[in-house]
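A.B. asks: Next input, structure requested:
(chains A and B)
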Amino acid sequence: MLQEYSARDIETKWQMVWAENSVFHADPDSSQKFFLTIPYPYLNGNLHAGHTRTFTIGDAVARYKRMKGLNVLFPMAFHATGTPIVGLSELIANKDPLIWDVYTKLHGIPEDELAELNTPEKIVLYFRQQAKNAMQRIGYSIDWRREFTTTDPAYNKFIEWQYGILRDLNYIIKGSHPVRWCPHDMNPVEDHDILKGEDATLLDFALLKFKMGDWILPCATLRPETVFGVTNLWINPRVNYVIARVNEETWVVSPQAYEKLTFTDRQVAWGTEISGKDLIGKSVSNPVTGSQVIILPANFVDPDNGSGIVMSVPAHAPYDYLALKDLYYEDLSEYGLNQDLRQIKIISLIEVPGYGEFPAIEAVKELNVENQNDTKAEEATKLVYKREFHNGVLKPITGKYTGIAVSKIKDVLLKDLINENMAEIFYEFSEMPVICRCGTRCVIMMVKDQWFLEYSDPTWKASVLDCLAKMRIIPEEIRVEFENKIDWLKDKACARRKGLGTHLPWDKEWLIESLGDSTIYMAYYILAKYVNADMRIENLTPEFFDYIFLGKGKPENIAELTGIPLEIIHQIKHDFAYWYPVDLRTSGKDLVANHLLFFLYHHVAIFPEPLWPEAIAVNGFVSLESQKMSKSRGPLLTLEQAVAENGADVTRLYILGNAEYMQDVDWRNEGVVSTRGQLERFYNLAKDIIADPSINENLDYSQIDRWMLSRLQKRISETTEAMENIQTRRALQNAFYLLFNDLRWYQRRGGKNQLRRVLSSWVRLIAPFTPHVCEEIWSNMEKGYVSLAPWPSADEALIDEQAELAERLLQDTLDDIEEILKVTKSSPKKITLYTAPAWKKQMFRIAVELSQEGKMDMGKFMKIVMSQPEIAKKKKDAPKYAQKLAKSVHSLSAEILTLDDFSVLSQEKAYLQTALGVPIDIFSADELTDDPMSKSKQAEPGRPAIYMSND
RNA sequence: GCGGGGGUUGCCAAGAGGUCAAAGGCACAGGGCUUAGGACCCUGUCACGCAGGUGUUCGCGGGUUCGACUCCCGUCCCCCGCACCA
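C.D. replies: Next comes the predicted model:
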C-alpha cells in the first residue's frame, strides 16, 4: 500500500484494472438482473456538477446492487438530437464573443480546440469523448460496449420504428399550436434566445364576440364566465381602432391587436380605421346573454393588451366597478352621453362564501380603494379573484352552468362558446414586452399543420396513471407531482424543421423533436452492443425491431428478411427478454414534468405491461458556494475540474454525502477540502490496521469487542436500508462517519482485535461511494475486487445490547463527572462512585410496569411500593424518589435494569482512572463503607452518584 | 397565478408526539501528543449556574395535548416546474 494517500495514483490504477478486465460488462446469466439507467447527457458542453450528482447516485446504486449479488447492467449513451448543437456550431464558427467566453472560461476548453468545433458533427464527437473520459475518470461502473449517440444511423432506424408504431396507434395527429416567435428572424424563439421577458408564459385569453350589427367587438378575458355579468364595454377614446376582416367576419380591434392576429391562423385584412371616441355611446349585444350593453370610455384600456376592448363586470372586477363609479360624476356629453350611469344595473353571477351580492364592491370598501388610479385597486382585484377562483360557484343566472365551481368552469365554457362561435382563443404573453436577442419584439405565432403526440388522449393518460400506480417512486413525496403533471399534460408538438435528429418516416420534411426520441431508448442499449459489434444498419428493419422488442413475427422469417443470422436474432431477443424492463431510472428533478413523463407515456404505448418501468428516483441539483449553477452565465463546475482538483473518490463522497433526494447539494470548497481530509484519515487508519501485527482475532471477545461488533451490525443494517431507499446521505452517515466514530471509541477503549474484521465490512460498505480507495485497501487484505465482493449482512447474533448499555453507562458517567468538574472548576484528588441500591431498582421496575399499563396512579404506586419491606424501610427517601420517578414516568425504560451497574463500573475502574487521571472508588449503595457527604442518596439505576473529594 | 418541495441551534444538515438543548459534518476555541505542526486524539461552542441543575429555543401567530421541532389552522419567506426547450 502507498504510504501516503494519492488519489491520482490509486484512481488511475483501478480504472485501468476495471477496464482491462471488463469488470462491469454485464451479460445475461442465471442470476437475478438489475437494469439501471440514467438520462444520457446532451452534448452541447461538458458534464458539470449537476450531472455528477445524478450519475454518481446511479453509479452508487449500480455498485451496491452488484455487491448484493445482482447482475447489474448500467449503460450510458449521448444525446445530440435537437437544435442547440446546431446553433452552437454556428456561433463557434462565427466566433461569437459571448459563446467564446462561456466555452473557454466556464467549460474549460482550450481556444485552439474550440475553434475546431465549427460543425455539429465535430461538436458531437468532441463532447462525446470529453464526457466519456470524465465518466471514466470518476469511476462509473458503466458497460461501455453499449455506448451510442442519438444521431447514429442505427438509432435513427430505431426511432423511425417507434414513431411508426405511435402513428399506427393514432397517437400522432396534426394540429396547430402557439409558439413564441421572432418576426425578424422568422423563427420560434427559445429561452436562451431571449433578451427580455424570459419568464413570460403564454396565456390563453378568451376572445368574446360582442356584436354591433355586423361588426364584432371582441373582448379578451381570462375569466370568460363573467360574460354573464357584463354591464358595458370599455373602449379607449384616444385610440384609433381598425375595422378588419378576420376570416369571414368584421372585427373591431386595436392596431396592435390586429398585428398580433396576423400571426395567428386567421385570415386577416386591414380595413378602415375608426376612432375609439366614435364607438363610445353605442351599444353592443352580449353574445351569450343577448342583452344590449353600452360602450363607455376608459383611459385604462391598453390597446397593446388583448383586443384593446374590454368587457366590464363591476360585480366581480374591482377595476370595472371603480371605473364605472368614477364616471358617475363625469361629464360625458362630448361622447353624446347624458344618461345617468347609476341606472346601469350591476349583475352578480358568482356565489362566494364571505361575500354578498357584489364581491368587487365589498372588496373596494374593505380596502378603502379611492378610485381606479388607487394602487390598492390591484390588491382588491387579486383578493376577489383569489376568493372567487377557489371558493366561488356559479349562480343560476349562468343557466346550465349553475353550481359549477369557478375553478372548473373555464375549459368547459370556452369549449361551448367556441363551438357556438361566440368566442375564440387569443394568446398573449403574461409579461410584456418579450424581446428577442436580435432586439425585435416577439409575438405569438400559430404554427399550422404541426405534428402532435396526443398526450391528452384519455386512454393513453389512464394507462400512464396505471403504470405510475404500480411503480416505485423515490422519494414517495413526488408521486403526487407526477400525477398532477400527467393530468396537466396536453398534446405536444413532436416535430421540428431544424436541428439534428430522425426524420418522420411518413413526412420527411420534419425532424422528430428531441425529447420525443429519448423515451424508450433504454431498450436500444441491449441492441447497441450488437450494433457496435458491426451490425449492418440496413438490416435493421421494422420487422426486426418488432420481433426483438415485441415478439412479433417468426425469427426464421426475420433472419431471411434482414440477413441477420438466426443465432444472433435469438441471442438479442434473449438478451432483451432478460434485461427488460428498466428496474430503476434515476434523474434530476427538472425532468419530472417532461422527460420522465414521456418515458412513461411511450413505454405504455409501445410495450406490454410486463415491460413497463419498475421505478423512478428523482434527485435535486448542485449549487456552487450557495449560488445557482448556470451553463451559460456561470458559475459552473465541470465534472472534469472537480475530479482533477479533488480526486474521484472525494468528489463522489462529497456529492453523495451532502444531500438527499430533492435537496440541492451545495458544493463548497471548504467542505470538499475537509472531505478529502476524512478520506485520507480513513486510508491511514486502514493502512495501520492492515499493518498491525499485534491483532489477534482468535482471542475471546472482550466487552468492547462485543460492543464494536454490535455497533457494526447496526451500521450495516442502517446502511443497507438507506441504499434500498436510495438515501446516499443517510447511507454515508452510517457507513462512513458514524462507523468512524465508533471505531475511535473502540480504539480509545483499548479495542484492537476486531479491527481487521470491522475494516473488511467497512471497506465494502463504502465501496459504492469511494470505489477506488476501497479497491486499493481491499486488494491488500482480500482476494478479488471489492466492486464484486459480497455486501456485508448484519448478523443478529452479534447484536449485544448488554455491551452497548454498559458502554453507554460508562460514557454517561464520564459525562456527568466532566460536567461537575466544569461547574465546580475543581481538581479533585479522588472520585467515589455509588451505584443505586436494590430498593431503588425495585421502585424503578414497579414504576415502569405501572406506566406500561397506562397512566401512573401515584396513590397506587406508593401503595405497591410501600408494601415491599425493603422499600418501606426507606420512609424518607422512598417518597422522594417516587416523586422523581413520577415526573419522568412517560420516558422510563426498563432496559437499564438489565445491567449490573456496579460490576460494569468496577470492571472499568482502571479505564476510568486513566481517563480521568484520578483514583476512583466504586461502591454499591447497598454496601456503603464510606459516604462522607451522603452523596450516595443521589444514585439512580443507570446513573451512579458521584462524590469528589479534595483531600 | 397553478402544481410540488422547503424554512432546525455560527454554517450544512438529521429528527416527525415524550428517550431532544436536539445525531453527524464544517467552522471556531481550549487541552493533549510533538522539535514543530495546517496531521492525530480528547473537550467545549443558546443562556445562566462554585455538584451532574435551571431557563429559553426549531420562520411567525394561534390551537389540540399531561407533554409539540414533531399534529391542526392561519400567515410570511425561499427553491423547482409550468412545454415544444434540452
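A.B. asks: What are the buried residues along the helix or strand A:Glu804 falls within?
C.D. replies: Assigned by DSSP states H and E, A:Glu804 belongs to helix A:801-824. Neighbour counts using 16 or more other Cβ atoms under 10 Å place A:Gln802, A:Ala803, A:Glu804, A:Leu805, A:Ala806, A:Glu807, A:Leu809, A:Leu810, A:Thr813, A:Ile817, A:Leu821 of helix A:801-824 among the buried residues. Where C-beta positions appear, they are placed from N, C-alpha and C, glycine not excepted.
A.B. asks: And for stretch A:893-909?
C.D. replies: For stretch A:893-909, by 16+ other Cβ under 10 Å, it's A:Ile896, A:Leu897, A:Leu899, A:Asp901, A:Phe902, A:Val904, A:Leu905, A:Ser906, A:Glu908.
A.B. asks: cool, stretch A:349-362 as well?
C.D. replies: Result for stretch A:349-362 [16+ other Cβ under 10 Å]: buried residues A:Leu349, A:Ile350, A:Glu351, A:Val352, A:Tyr355, A:Phe358, A:Pro359, A:Ala360, A:Ile361, A:Glu362.
A.B. asks: Return the nearest residue of the stretch 401-550 of chain A with respect to RNA strand B.
C.D. replies: A:Lys490 (3.1 Å; Cβ to the nearest atom of the strand).
A.B. asks: Pretty sure A:Ile946 sits in a strand.
C.D. replies: Yes - the assignment for A:Ile946 is a strand, going by DSSP: H, G, I helix; E, B strand; the rest coil.
A.B. asks: Mind listing the residues bridging to it?
C.D. replies: Counting by DSSP bridges, A:Ile946 is bridged to A:Leu833.
A.B. asks: what number of residues lie near it?
C.D. replies: By other Cβ atoms under 10 Å, the residues close to A:Ile946 number 20.
A.B. asks: Isn't it up against A:Ile820?
C.D. replies: Yes - using Cβ atoms under 8 Å, A:Ile946 makes contact with A:Ile820 at a distance of 6.3 Å.
A.B. asks: Give me the distance between the closest residue to RNA strand B within chain A and A:Ser518.
C.D. replies: Nearest residue of chain A to RNA strand B (Cβ to the nearest atom of the strand) works out as A:Gly82 at 2.6 Å. Applying Cβ to Cβ, to the nearest Å, the value for A:Gly82 to A:Ser518 is 10 Å.
A.B. asks: starting at the chain centroid, how far to whatever helix or strand A:Lys65 lives in?
C.D. replies: Take DSSP H and E as the rule and A:Lys65 turns out to sit in helix A:49-67. Offset of helix A:49-67 from its chain centre (Cα atoms, centre = their mean, to the nearest Å): 16 Å.
A.B. asks: after that helix, next one along is what?
C.D. replies: Following helix A:49-67 toward the C-terminus (DSSP H and E): strand A:71-73.
A.B. asks: Determine the set of other helices and strands touching the helix or strand A:Ile216 falls within.
C.D. replies: Per DSSP H and E: A:Ile216 is located in strand A:215-221. Contacting strand A:215-221 under the criterion 3 or more Cβ pairs under 8 Å, 6 or more residues apart in numbering; DSSP states H and E are the following elements: strand A:202-212, strand A:249-253, strand A:309-312, strand A:423-429.
A.B. asks: Most tightly packed of those strands?
C.D. replies: Among the helices and strands packed on strand A:215-221, ranked by average contacts under mean count of other Cβ atoms under 10 Å, first place goes to strand A:309-312 (a mean of 26).
A.B. asks: and that one, how far out from the chain's middle?
C.D. replies: The answer for strand A:309-312 is 42 Å, by Cα atoms, centre = their mean.
A.B. asks: for the stretch 401-550 of chain A, what are the low-confidence residue spans?
C.D. replies: Judged against pLDDT under 70, the stretch 401-550 of chain A has no low-scoring part.
A.B. asks: Around RNA strand B, pick out the residues from the stretch 301-450 of chain A.
C.D. replies: Residues of the stretch 301-450 of chain A that fall close to RNA strand B, judged by Cβ under 7 Å from any atom of the strand: A:Lys382, A:Lys386, A:Phe389, A:His390.
A.B. asks: ok so, going back, anything in the helix holding A:Glu804 near RNA strand B?
C.D. replies: Yes - contact of helix A:801-824 with RNA strand B (Cβ under 7 Å from any atom of the strand) involves A:Thr813, A:Asp815, A:Asp816, A:Glu818, A:Glu819, A:Ile820, A:Lys822, A:Val823, A:Thr824.
A.B. asks: still on that earlier bit, how about the residue of the stretch 401-550 of chain A closest to RNA strand B: what's its closest non-neighbour residue?
C.D. replies: Here the nearest residue to A:Lys490 in space, its sequence neighbours aside, is A:Ser456; by Cβ to Cβ, 6 or more residues apart in numbering that works out to 5.3 Å.
A.B. asks: Look up how far A:Lys492 lies from the one you found.
C.D. replies: Distance from A:Ser456 to A:Lys492, by Cβ to Cβ: 9 Å.
A.B. asks: tell me the contacts of the closest residue to A:Asp487 other than its chain neighbours?
C.D. replies: Distance criterion Cβ to Cβ, 6+ apart; nearest residue to A:Asp487, sequence neighbours excluded, is A:Lys461 at 7.7 Å. Residues near A:Lys461 by Cβ atoms under 8 Å, 6 or more residues apart in numbering: A:Tyr455, A:Ile486, A:Asp487, A:Leu489.
A.B. asks: State the distance from the third one to A:Glu697.
C.D. replies: Noted for A:Asp487: a distance of 60 Å to A:Glu697, by Cβ to Cβ.
A.B. asks: What's the local residue count around A:Glu273?
C.D. replies: A:Glu273, neighbours per other Cβ under 10 Å, totals 14.
A.B. asks: Looking at it now. What's its pLDDT?
C.D. replies: Confidence at A:Glu273, expressed as pLDDT, is 95.
A.B. asks: so who does the residue nearest in space to the middle of chain A touch?
C.D. replies: In chain A, the C-alpha nearest the mean C-alpha coordinate belongs to A:Lys589, at 3.0 Å (Cα atoms, centre = their mean). Residues counted as contacts of A:Lys589 (Cβ under 8 Å, 6+ apart) are A:Ile478, A:Val618, A:Asn619, A:Gly620, A:Phe621, A:Met662.
A.B. asks: And what about the closest residue to it other than its chain neighbours, helix, strand or coil?
C.D. replies: Nearest residue to A:Lys589, sequence neighbours excluded (Cβ to Cβ, 6+ apart): A:Val618, at 5.1 Å. On the three-state scheme (three-state DSSP), A:Val618 is labelled strand.
A.B. asks: Looking at strand pairing, list the partners for A:Val618.
C.D. replies: As assigned using DSSP bridges, the partners bridged with A:Val618 are A:Ser587.
A.B. asks: thinking again about what came up before, what is the distance between the helix holding A:Glu804 and the centre of its chain?
C.D. replies: Remark: helix A:801-824 is offset 43 Å from the chain centroid, using Cα atoms, centre = their mean.
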